[in-house]
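Asker: here is my input; please provide its structure:
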Amino acid sequence: MSDLGASEASFERLRQEPFFEVVVDLVAGYLATAFDDPESVAGEKWTLSCLPTTNEKAGMTRLFSLDVGPLEVLYVDRYTENGETVDYRTVMVTSISALVRQLGCPLDELLLRYPLLRFRPVEDASAGGDAVAIDWFLSDEGADDQFFMLPLDESTIGPLAALLADNAGGPSSRPHNRWFAQYVLDALEDDD
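Answerer: Numbers count the residues shown, from 1 in each chain. Presented below is the predicted three-dimensional model:
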């Protein structure tokens, strides 16, 4: 069974999105902080899909999904009304213990410090209880500023990515869009 999220056609459709370069930057940033050499473990420790099929609600389309090991760790949803884009939602998963340690406050205090962000513990055995999903809507003015103030780097993404990659247990069974992955890897190389 083929998955359209892994096709060249889905990558070409994603490239037409106005938010495409932002998506590339998000994925490249996550991979650069998660792996020393993302290219060497592409399709094995991490997978990337374009416009994947999800349990979408009317008016919502997932632009991409980045999975590390068995867990979806980064995605962006686009919301439309009457065919017009009205909002984007970004969701990133990181280590909750590392994030709390870096910021020096418990999770409930993060909710007060960053009121435009949502912090949701992720219940997934592969994450060992140490994952939190951080999500925000672009329409919430200032949410992007709050998000990018967080220490989302090797210290918070790295520990969770290492745990998830170790739990991958071999090549991933998830769809992997090699065209999108190569585009992101090329962007990483251009940044060096």
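Asker: the residue nearest the centre of the chain: what secondary structure?
Answerer: In the chain, the C-alpha closest to the average C-alpha coordinate belongs to Leu74, at a distance of 1.2 Å (Cα atoms, centre = their mean). With DSSP: H, G, I helix; E, B strand; the rest coil as the basis, Leu74 sits in strand.
Asker: isn't it right up against Leu63?
Answerer: No - Leu74 lies out of contact with Leu63 (Cβ atoms under 8 Å); the separation is 10.7 Å. Placement of C-beta: from N, CA and C, glycine included.
Asker: contacts for stretch 32-40?
Answerer: With contact meaning Cβ atoms under 8 Å, 6 or more residues apart in numbering, stretch 32-40 is reached by 31, 41, 45-46, 68, 152-154, 157-158, 161, 165, 185, 188, 191.
Asker: cool, stretch 108-119 as well?
Answerer: Contacts for stretch 108-119 (Cβ under 8 Å, 6+ apart): 99-100, 103, 105, 107, 132-136, 140, 142-143, 146-147, 149-150.
Asker: now those residues: which count as buried?
Answerer: 99-100, 103, 132-136, 140, 143, 146-147, 150 (16 or more other Cβ atoms under 10 Å).
Asker: OK, contacts around Glu8?
Answerer: Applying Cβ under 8 Å, 6+ apart, the residues contacting Glu8 are Trp179.
Asker: ugh, wrong one, I meant Met60
Answerer: Contacts of Met60 by Cβ under 8 Å, 6+ apart are Asp77, Arg78, Tyr79, Thr80.
Asker: in JSON lines, list the residues you listed along with neighbour count, secondary structure and distance to Gln16.
Answerer: Formatted as JSON lines, those follow (neighbours: other Cβ atoms under 10 Å; DSSP: H, G, I helix; E, B strand; the rest coil; distance: Cβ to Cβ, whole Å):
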{"residue": "Asp77", "neighbour count": "19", "secondary structure": "strand", "distance to Gln16": "17"}
{"residue": "Arg78", "neighbour count": "19", "secondary structure": "strand", "distance to Gln16": "12"}
{"residue": "Tyr79", "neighbour count": "18", "secondary structure": "strand", "distance to Gln16": "17"}
{"residue": "Thr80", "neighbour count": "13", "secondary structure": "strand", "distance to Gln16": "14"}
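Asker: nearest to Ser7 among the residues you listed?
Answerer: Ser7 lies nearest to Arg78 out of those, by Cβ to Cβ, at 18.7 Å.
Asker: roughly how far does the residue sitting furthest away from the middle of the chain sit from Ala58?
Answerer: The C-alpha centroid of the chain is most remote from Asn82, which lies 27.0 Å away (Cα atoms, centre = their mean). For Asn82, the distance to Ala58 (Cβ to Cβ, to the nearest Å) stands at 12 Å.
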